[in-house]
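1. Give me the fold of what follows.
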Amino acid sequence: MELKLKAIEYQIDSGVAHITLSAPEAGNALNGEMLAQFYQALQNAIADATCRVIVISSIGADFCTGMDFNAIFANGSRPNLGPLQAFRDCLLLIYSSPKPVITCVTGNVTGGGVGIVAASDIVLAEENVLFMLSEVLVGMIPAVITPFLLCRLSSSQVKYLTLSSRGIDGNEAKNWGLVDEIASDGMNDTLNRQIQRLFYSSPEAIAESKQYFDTFIGQDLRHQTEFAMQRLQKWLEQPKITTAIHQFSEGYSPPWFQKYRRNTTNYPK
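-> You can find the predicted model right below:
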């Protein structure tokens, strides 16, 4: 089965559902249309009795650049929370899927894209890609993705990535636990080996294991995402914040952008 949508490609072949983010000209940014198609593709894969593994990948230099601010501020400075709610639903569906979800990272990942990675069961990445939480640069907070990041990273690591806005490459991401395996032999070979291991395993045992793990953190995760949406809505109710983010989405620098004058003081060693 093959389904070509505007922003998502869906194909199931030999028991593997391939979901591909296919809007490279827009950096595979997440807007309402893409998220609706993404959710539909995930539902199709989960419901398909012939599907044993779900693979998420992308086309282009960017795996995903995060939320499309033009979609959030389509009505001017008044934010539309619909795409953010749809994004949360996609992350929960990835996380709770009874079928294993492998995400293949062959492009740079920013903001919400890191949330897709964190929600996945198995993450394969090329060593030269960058993972970056850029929310604070544009006046946002990583509210929706934080509960999923904390499933893979420590709270101090999440805080550092957020506050520093520094990108980390595939190897560092693996050392931290965000990535499970570096595709040193090429993504296709690495992916095929992982799919074969899953095909050797009992689908029922995999689903039961995931459900068992879910009893420890799944309910908390759902509550945390509800709290995240409430916190994000409260944050975006501030006119000065929404105005600045809207300005950024239109190509202008927000008011907090300043150039730091380096301190030339020599500190004692």
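
2. Provide a list of residue ranges in the stretch 1-150 of the chain with pLDDT below threshold.
-> Applying pLDDT under 70 to the stretch 1-150 of the chain flags the ranges 1-5, 76-77.

3. mind listing the strands in it by residue range?
-> 2-4, 8-13, 16-21, 53-58, 62-64, 101-105, 108-110, 122-125, 130-132 (DSSP state E, counting those that start in this stretch).

4. Lys259: which of those strands is closest?
-> Counting by Cβ to Cβ, Lys259 lies closest to strand 130-132 out of these; the figure is 20.5 Å. The C-beta positions use only the backbone N, C-alpha and C, and glycine is treated the same way.

5. Just the residues contacting that closest one, thanks.
-> Strand 130-132 has contacts (Cβ atoms under 8 Å, 6 or more residues apart in numbering) with 108-111, 114, 117, 161, 165-170, 173, 178.

6. again, but for stretch 161-170
-> Under Cβ under 8 Å, 6+ apart, the answer for stretch 161-170 is 105, 108, 125-137, 142, 149, 153, 160, 176, 178-179, 182.

7. List only buried entries from these.
-> The neighbour count (16 or more other Cβ atoms under 10 Å) marks 105, 108, 125-126, 129-135, 142, 149, 153, 160, 176, 178-179, 182 as buried among the contacts of stretch 161-170.

8. Would you mark the buried spots in the helix ranked longest in the chain?
-> Using DSSP state H to define each element, the chain has its longest helix at helix 203-236. For helix 203-236, a neighbour-count test (16+ other Cβ under 10 Å) marks 203, 206, 210, 218, 221-222, 224-225, 228-229, 232, 235-236 as buried.

9. Now, of the contacts of strand 130-132, which are buried?
-> 108-111, 114, 117, 161, 167-170, 173, 178.

10. Same list (the residues you listed) but as CSV, adding distance to Leu84.
-> Converted to CSV, those look like this (distance: Cβ to Cβ, whole Å):
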residue, distance to Leu84
Asn108, 22
Val109, 18
Thr110, 16
Gly111, 12
Val114, 15
Val117, 18
Leu161, 20
Gly167, 23
Ile168, 25
Asp169, 28
Gly170, 28
Ala173, 24
Leu178, 22
